[in-house]
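J.: sequence? don't have it. structure:
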């Protein structure tokens, strides 16, 4: 399994706006996001830090969007279709 540094980890969605994982690296980032999201929020909610849990989720989401923007295809020029 070779890693092409120029291959985008995330491809554009066919319809709508956003990215979808294209490579194992992209799927790994999504899996890491889910694990961190569930574990961190569970820990913060159990300790009754609701606002901290919300901020934690917001920072995780921003981090995922930044990674997708850096390692994904450009979203400009997509109009749907084939």
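T.: Received the coordinates, thanks. Worth saying up front: this structure is predicted, and the values here are computed from it rather than measured.
J.: who's in contact with the most centrally placed residue in the chain?
T.: Centroid-nearest residue in the chain: residue 64, 3.6 Å away (criterion: Cα atoms, centre = their mean). Residues in contact with residue 64, defined by Cβ atoms under 8 Å, 6 or more residues apart in numbering, are 29, 30, 33. Every residue, glycine included, has its C-beta placed from N, CA and C.
J.: Please settle this for me: is it part of a strand?
T.: No: with DSSP: H, G, I helix; E, B strand; the rest coil as the criterion, residue 64 is helix rather than part of a strand.
J.: out of the contacts of residue 64, which are inside helices?
T.: 29, 30, 33 (DSSP state H).
J.: The residue nearest to the first one when sequence neighbours are not counted and residue 46: what is the separation?
T.: Take residue 29 and drop its neighbours on the chain: the residue closest to it by Cβ to Cβ, 6 or more residues apart in numbering is residue 67, 5.8 Å away. With the distance defined as Cβ to Cβ, to the nearest Å, residue 67 ends up 28 Å from residue 46.
J.: Which residue of those two possesses the greater neighbour count?
T.: The neighbour count for residue 67 versus residue 46, taken as other Cβ atoms under 10 Å, is higher for residue 67 (19 against 9).
J.: Could you pull up the mean pLDDT of the helix or strand hosting the more buried one?
T.: Applying DSSP states H and E as the criterion places residue 67 in helix 50-71. Averaging pLDDT along helix 50-71 gives 93.
J.: Show me how far it is from its chain's centre.
T.: 8 Å (Cα atoms, centre = their mean, to the nearest Å).
J.: Enumerate the positions of that helix that are buried.
T.: Under the neighbour-count criterion of 16 or more other Cβ atoms under 10 Å, helix 50-71 has 53, 56, 60, 64, 67, 68, 71 buried.
J.: can you check stretch 23-40 too?
T.: Buried residues in stretch 23-40 (16+ other Cβ under 10 Å): 23, 25, 26, 29, 30, 40.
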